[in-house]
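Chemist: predicted model follows, preceded by the sequence.
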Amino acid sequence: MHSMLIIAGKELRESLRNRWVVATTLLMAALALTLAFLGAAPTGTVGVGRLEVTIVSLSSLTIFLLPLIALLLSFDAVVGEIDRGTMTLLLSYPVARWQVLLGKFLGHATVIAIATTVGYGAAGLALRLSGTEIDAEGWRALGGMIGSSVLLGAAFTALGYLASTAVRDRGTAAGLAVAIWLLFVLLYDMGLLGLLVADGGRTVTAEVVNWLLLANPADTYRLFNLTGFQNVSLYAGTAGLAAQVQVPPAALLAVLAAWVAGPLALASFLFSRRQI
């Protein structure tokens, strides 16, 4: 455990030197504050909760932005160090390969967690300081969105590590990371929609759709944030969908956690068998 924490601290310090933490935090905060004050402006005085509208907007934005940031941060975490020769030096110390991989992952996941918590938390705090009334359910929804965003970032960081251990050069790892982003963020939902249209409701039932959505971490994240809290699902227009989703919020978080553990375990297995 001590070795992993040392490696995680090293990755975090390098991210600070490269301004990854600062840049990512500022980007998340800027987008969150923009959506909080401009995206919720049309609510006016019609009684629509500004925080709930902000959560809906941030959830949609996070699906596109956070996986890309996580993959950019992690795609060369292993293959890049092998190319530079620093991985050979690191493995010369009395530390297991899985400890190296997990330590580096913890460092990069911490970068995502800091940026997400500070950036999105700033939006909620700014709304409260501006006089917006936020009830306990609203704070729970915001906390759930931040926590699930951290899990989503960790899931795509783990997928980036899987790409980094599965190939032999950085260029291929970068291409694979882009392919992963395109698949889960864009192509998967388009394919699912095409399947539903072609099937016409004959075979693909609501239960099958639920399982298909769980096969994509981005869709799992969307389900949790847009259907897991009643006040948010009303403003998102997904109240009907929330009634059809048979997976409880805790199970959706467990699925996101599995999307972290699964790719990371496979990446550790590939790394343990790799010749360096």
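Modeler: It's in.
Chemist: next, count neighbours for residue 259.
Modeler: Neighbourhood size, residue 259 [other Cβ atoms under 10 Å]: 25. Heads up, the C-betas are built off the backbone N, CA and C, glycines and all.
Chemist: look at it and give its secondary structure.
Modeler: State at residue 259, reduced to three classes by DSSP: H, G, I helix; E, B strand; the rest coil: helix.
Chemist: tell me the spacing between it and residue 252.
Modeler: The gap separating residue 259 from residue 252 is 11 Å, by Cβ to Cβ, to the nearest Å.
Chemist: which residues are in contact with both of these two?
Modeler: residue 220 (Cβ atoms under 8 Å, 6 or more residues apart in numbering).
Chemist: quick one: the helices in the stretch 51-200 of the chain?
Modeler: 79-84, 86-91, 97-129, 136-166, 170-181, 188-199 (DSSP state H, counting those that start in this stretch).
Chemist: buried stuff in the second one?
Modeler: The one in question is helix 86-91. For helix 86-91, the neighbour count (16 or more other Cβ atoms under 10 Å) marks 87, 90 as buried.
Chemist: before we move on, what about the fifth one?
Modeler: Going by neighbour count (16+ other Cβ under 10 Å), the buried part of helix 170-181 is 170, 173-174, 176-177, 180-181.
Chemist: save the residues you listed as a markdown table, and put in distance to residue 6 and pLDDT too.
Modeler: A markdown table is the format used below for these (distance: Cβ to Cβ, whole Å; pLDDT from 0 to 100):
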| residue | distance to residue 6 | pLDDT |
| --- | --- | --- |
| 170 | 25 | 90 |
| 173 | 25 | 93 |
| 174 | 28 | 93 |
| 176 | 29 | 95 |
| 177 | 27 | 94 |
| 180 | 29 | 96 |
| 181 | 31 | 95 |
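Chemist: one step back: tell me the most buried of the helices of the stretch 51-200 of the chain?
Modeler: Greatest average neighbour count among the helices of the stretch 51-200 of the chain goes to helix 136-166 (a mean of 23), per mean count of other Cβ atoms under 10 Å.
Chemist: can you give me the angle it makes with helix 97-129?
Modeler: On the basis of axes from the mean of the first three to the mean of the last three Cα atoms, to 10 degrees, helix 136-166 is oriented at 150 degrees to helix 97-129.
Chemist: how near is residue 93 to residue 7?
Modeler: Residue 93 is 10 Å from residue 7, where distance means Cβ to Cβ.
Chemist: what do you get for residue 130?
Modeler: 42 Å.
Chemist: going by how many neighbours each has, rank those two and give me the top one.
Modeler: residue 7 (22 against 10).
Chemist: contacting residues around the more buried one?
Modeler: Here residue 7 is in contact with 90, 95, 99-100, 103-104, 106-107 (criterion: Cβ under 8 Å, 6+ apart).
Chemist: out of the helices of the stretch 51-200 of the chain, which comes closest to residue 26?
Modeler: helix 97-129 (7.8 Å; Cβ to Cβ).
Chemist: show me what the closest one is packed against.
Modeler: Packed against helix 97-129, as judged by 3 or more Cβ pairs under 8 Å, 6 or more residues apart in numbering; DSSP states H and E, are the following elements: helix 2-17, helix 20-34, helix 50-74, helix 86-91, helix 136-166, helix 249-272.
Chemist: out of the ones you listed, which comes closest to residue 204?
Modeler: Residue 204 lies closest, by Cβ to Cβ, to one member of the helices and strands packed on helix 97-129: helix 249-272, at 19.5 Å.
Chemist: how far off helix 136-166 does that closest one point, in degrees?
Modeler: With the same axes, to 10 degrees defining the directions, helix 249-272 sits at 20 degrees from helix 136-166.
Chemist: what's next to helix 249-272, contact-wise?
Modeler: 78, 97-98, 100-102, 105, 144, 147-148, 151-152, 154-155, 158-159, 161-162, 164-166, 214, 217, 220-221, 223-224, 228, 247.
Chemist: please redo it, this time with the cut-off set to 6 Å
Modeler: 97-98, 101, 151, 154-155, 158-159, 161-162, 165-166, 214, 217, 220, 223-224, 228 (Cβ atoms under 6 Å, 6 or more residues apart in numbering).
Chemist: in it, what's buried?
Modeler: 249, 252-253, 255-256, 259-260, 263-264, 266-268, 270-271.
Chemist: this completes my enquiry, with thanks.
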